[in-house]
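Participant: What follows is a protein structure lacking sequence information:
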């Protein structure tokens, strides 16, 4: 498939996938709920302030590419759902990893393990790495590894649903970070990602109740 999602289209798709897994009782999403999910202040990078028309347009584009659709049901309010499973037949670990990449952009395996915990609990880092490998080996691939930047021990991974990404090495002359004991950078990175993930999850819990109320406004 020739898919090249815009930043907003990727955000809409990621939100639909995330909410199906984390708050299934409120899924499929109304347009209002999807709008608030896209503009959510936690678990998002970059932060956005999209309007209703932008979300409507993104849904039309995703519908044309068989990635989202209007959900049938008894509700008088139109609701929407993703079609990622129909189009790609991802496993739950693959879905969780891809969702995080859609919502937060390029990330290391350590960051993905911590942040995807709310959608799928990876036993260890090797499980994340094997999941990334499967996504990279698809035809066509949906994930790629970016060149490791100077001073960074872990490489970052990016999704390809917005097209190929070319990000080079750090600019020449930039000093690398001081060397550390082997494995220390990775452990520190994982701890930092886990702390950040916990802080954002607490913030997310506070916003989810407000989002739930706004669905029926």
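Facilitator: That came through fine. Keep in mind it's a predicted model, so treat the numbers as computed, not measured. Numbers count the residues shown, from 1 in each chain.
Participant: all strands for this protein, in order.
Facilitator: All strands of the chain, identified by DSSP state E, fall at 29-30, 68-71, 79-82, 143-145, 157-159.
Participant: Test my guess that residue 19 contacts residue 29.
Facilitator: Yes. Counting by Cβ atoms under 8 Å, residue 29 is a contact partner of residue 19 at 5.7 Å. The way it works is simple: take the backbone N, C-alpha and C, and place the C-beta from them, glycine included.
Participant: who's more crowded, these two?
Facilitator: For the pair residue 19 and residue 29, the greater number of neighbours falls to residue 29 (25 against 22), based on other Cβ atoms under 10 Å.
Participant: What are the structural domain limits within the chain?
Facilitator: As assigned by automatic domain parsing, the chain contains the domains 7-87, 90-171+181-200.
Participant: how long is the first one end to end?
Facilitator: Between the opening and closing residues of domain 7-87 we find a distance of 20 Å, counting by Cα to Cα, to the nearest Å.
Participant: Check the gap between residue 17 and residue 34 for me.
Facilitator: Residue 17 sits 12 Å away from residue 34, going by Cβ to Cβ, to the nearest Å.
Participant: just for this structure, where's the confidence low?
Facilitator: 1, 167-194, 196-200, 202-206, 210, 213-217 (pLDDT under 70).
Participant: just to revisit the earlier point, take the strands of the chain and lay them out in a markdown table including distance to residue 100.
Facilitator: Below are the strands of the chain laid out as a markdown table (distance: least, Cβ to Cβ, whole Å):
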| stretch | distance to residue 100 |
| --- | --- |
| strand 29-30 | 18 |
| strand 68-71 | 18 |
| strand 79-82 | 15 |
| strand 143-145 | 11 |
| strand 157-159 | 9 |
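Participant: Determine which of those strands approaches residue 94 most closely.
Facilitator: Of all those, strand 143-145 sits nearest to residue 94, with 9.1 Å by Cβ to Cβ.
Participant: For that closest one, which strands pair with it and how are they oriented?
Facilitator: Strand 143-145 sits in its sheet next to strand 157-159 (antiparallel), going by DSSP bridges.
Participant: Need the contact partners of the strand it pairs with.
Facilitator: 10, 98, 101-102, 105-109, 112, 132, 142-146, 165, 167 (Cβ atoms under 8 Å, 6 or more residues apart in numbering).
Participant: ok now it, how far from the chain's centre?
Facilitator: 10 Å (Cα atoms, centre = their mean, to the nearest Å).
Participant: Geometric centre of the chain: which residue is closest?
Facilitator: By Cα atoms, centre = their mean, the chain has its centre lying nearest to residue 100, at 2.4 Å.
Participant: Against residue 128, how distant is that residue?
Facilitator: 10 Å.
Participant: Quickly list what's touching both of the two.
Facilitator: By Cβ under 8 Å, 6+ apart, residue 100 and residue 128 have these common neighbours: 112, 116.
Participant: Touching, residue 43 and residue 102? I think so.
Facilitator: No. The criterion here is Cβ under 8 Å, and residue 43 misses it with residue 102 at 11.2 Å.
Participant: can you list the residues that contact stretch 88-103?
Facilitator: By Cβ under 8 Å, 6+ apart, stretch 88-103 touches 10-11, 13-15, 17-18, 21, 43-45, 84-85, 107, 112, 115-116, 119-120, 122, 127-128, 131-132, 134-135, 138, 142-143, 157-159, 161.
Participant: Which among those residues count as buried?
Facilitator: Buried members of these, counted by 16 or more other Cβ atoms under 10 Å: 10-11, 13-15, 17-18, 21, 43-44, 84, 107, 112, 115-116, 119-120, 122, 128, 131-132, 134-135, 142-143, 157-159, 161.
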